[in-house]
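>>> following is a predicted model, sequence given first.
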Amino acid sequence: MPVSIDKAPRHDESAGWSATAISYRRGGEDPPHYHLEGQLLYASSGVLLVEAAGRRWVIPPQRGLWLPPLMEHSYRLLSHTELRAVFLSGSLISECTHFAENNRVHVIDVVPLVKELIAGLFNNDYHTLTKRKMALLLLEIIGEAPSIPAELPMPQDDRLFRAAGELMFSHRWETTLSDMADTANMSERSFSRLFLRDTGFSFRTWKQRARIYASLDLLSEKVSVKQIAWQLGFSSPAAFSAAFRAVMGVTPGDF
């Protein structure tokens, strides 16, 4: 597939940043492309499946993905998503001298201050110079934020990736190992072996984590724990809460 170049909004070099807000329906896609600027991808609601640097990340509302300048990437929306993308010029990045990870794709925790700074960049009440300072502060925080491991690794094998992506996209949580192997056109034994190799998890364990990741978008929309448990196929709210705590380390309410 052809790769399009630099889809970022243009901004004056003296400003050093620009931002865009896009509303996507579930199933929307942005094909492979890259930008001249660095980019912070963040969904204020919804879940992104991003592919970049030969890896795949599932990004819920509580996470952001840093993409260095010229990094080819694509993404698919696993739910209705309100995307916020902040583009940061190379000159602005160079002002943040302690951002040691600026050339590596990585996931960060979107803490409340990061959310407020992103929101501030879309607020026309602030002066241009003030916004530049906000963009630089956002970079400083990204530079200090610890990199978060990919908590829901996606298979690298295209057959497994297609099967796993369809499960998450369609919310087919009743899908069995046999169903997945059929979708991938391989035996259950081969599917299990390759899935464990690619993700580090058995399919059963991975599917449980995938359900918890799907719940993060629902929690951000203030859906009740009871309703989430029902939608994701848990036997009870207590079972969902226990599974959530096992994966995330806190209860749904605390998260």
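That came through, no problem.
>>> can you report how many residues neighbour the residue lying closest to residue 53 once chain neighbours are set aside?
Distances taken as CB to CB, 6 or more residues apart in numbering place residue 105 nearest to residue 53, at 4.7 Å, with adjacent residues excluded. C-betas here are computed from N, CA, C, even on glycine. When neighbours are counted by other CB atoms under 10 Å, residue 105 registers 18.
>>> tell me if I'm right that residue 105 and residue 67 touch.
Yes. Residue 105 is in contact with residue 67 according to CB atoms under 8 Å; the separation is 5.8 Å.
>>> tell me who's in contact with residue 78.
26, 46-49, 58, 168-169, 214 (CB atoms under 8 Å, 6 or more residues apart in numbering).
>>> how about the helices in the stretch 101-250 of the chain?
112-121, 128-144, 158-170, 177-184, 188-199, 203-220, 225-231, 237-248 (DSSP state H, counting those that start in this stretch).
>>> can I get those helices in CSV with mean pLDDT, distance to residue 41 and mean neighbour count?
What follows is the helices of the stretch 101-250 of the chain, written out as CSV (pLDDT from 0 to 100; distance: least, CB to CB, whole Å; neighbours: other CB atoms under 10 Å):
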stretch, mean pLDDT, distance to residue 41, mean neighbour count
helix 112-121, 94, 11, 15
helix 128-144, 92, 12, 17
helix 158-170, 90, 18, 18
helix 177-184, 94, 28, 17
helix 188-199, 95, 22, 17
helix 203-220, 88, 15, 20
helix 225-231, 93, 25, 17
helix 237-248, 91, 21, 16
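>>> residue 197 and residue 186: what is the separation?
To residue 186, residue 197 is 13 Å away according to CB to CB, to the nearest Å.
>>> sorry, back to before: for the helices of the stretch 101-250 of the chain, which one sits closest to residue 40?
helix 128-144 (6.5 Å; CB to CB).
>>> thinking again about what came up before, for residue 37, which of the helices of the stretch 101-250 of the chain is the nearest?
Distance to residue 37, taken as CB to CB, is lowest for helix 128-144 among these, at 11.0 Å.
>>> packing partners for the closest one?
strand 17-24, strand 81-88, helix 90-95, helix 112-121 (3 or more CB pairs under 8 Å, 6 or more residues apart in numbering; DSSP states H and E).
>>> using CSV, please lay out those together with distance to residue 37.
Converted to CSV, these look like this (distance: least, CB to CB, whole Å):
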stretch, distance to residue 37
strand 17-24, 8
strand 81-88, 4
helix 90-95, 7
helix 112-121, 14
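>>> go through the contacts of residue 78 and say which is closest to residue 39.
Using CB to CB, these come closest to residue 39 at residue 48, 12.5 Å.
>>> can you give me the neighbour number for that closest one?
Neighbours of residue 48 (other CB under 10 Å): 24.
>>> thought it was touching residue 77?
Yes. Using CB under 8 Å, residue 48 is in contact with residue 77, at 6.4 Å.
>>> quick check: mean pLDDT of stretch 34-53?
Per-region confidence: stretch 34-53 scores 89 on mean pLDDT.
>>> apart from its chain neighbours, what residue comes closest to residue 99?
residue 143 (3.3 Å).
>>> so for this protein, the centremost residue is which one?
residue 59 (1.5 Å; CA atoms, centre = their mean).
>>> quick one, what contacts that residue?
Counted by CB under 8 Å, 6+ apart, residue 59 has contacts 41-43, 47-50, 65, 107.
>>> who wins on neighbours among those residues?
residue 43 (29 neighbours).
>>> list the neighbouring strands of the helix or strand containing that residue plus their orientation.
Per DSSP states H and E, residue 43 falls inside strand 38-45. Its sheet considered, strand 38-45 pairs with strand 63-67 (antiparallel), strand 81-88 (antiparallel) by DSSP bridges.
>>> would you mind writing the CA trace of it as CSV?
Taking Å, rounded to 0.1, in the frame of the first residue of the first chain, the C-alpha atoms of strand 38-45 are listed here in CSV:
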residue,chain,number,x,y,z
GLY,A,38,6.7,14.4,16.1
GLN,A,39,3.2,13.4,17.1
LEU,A,40,1.3,12.5,20.3
LEU,A,41,-1.7,10.4,19.6
TYR,A,42,-4.4,10.5,22.3
ALA,A,43,-8.1,9.4,22.3
SER,A,44,-10.2,11.4,24.7
SER,A,45,-12.7,8.5,24.2
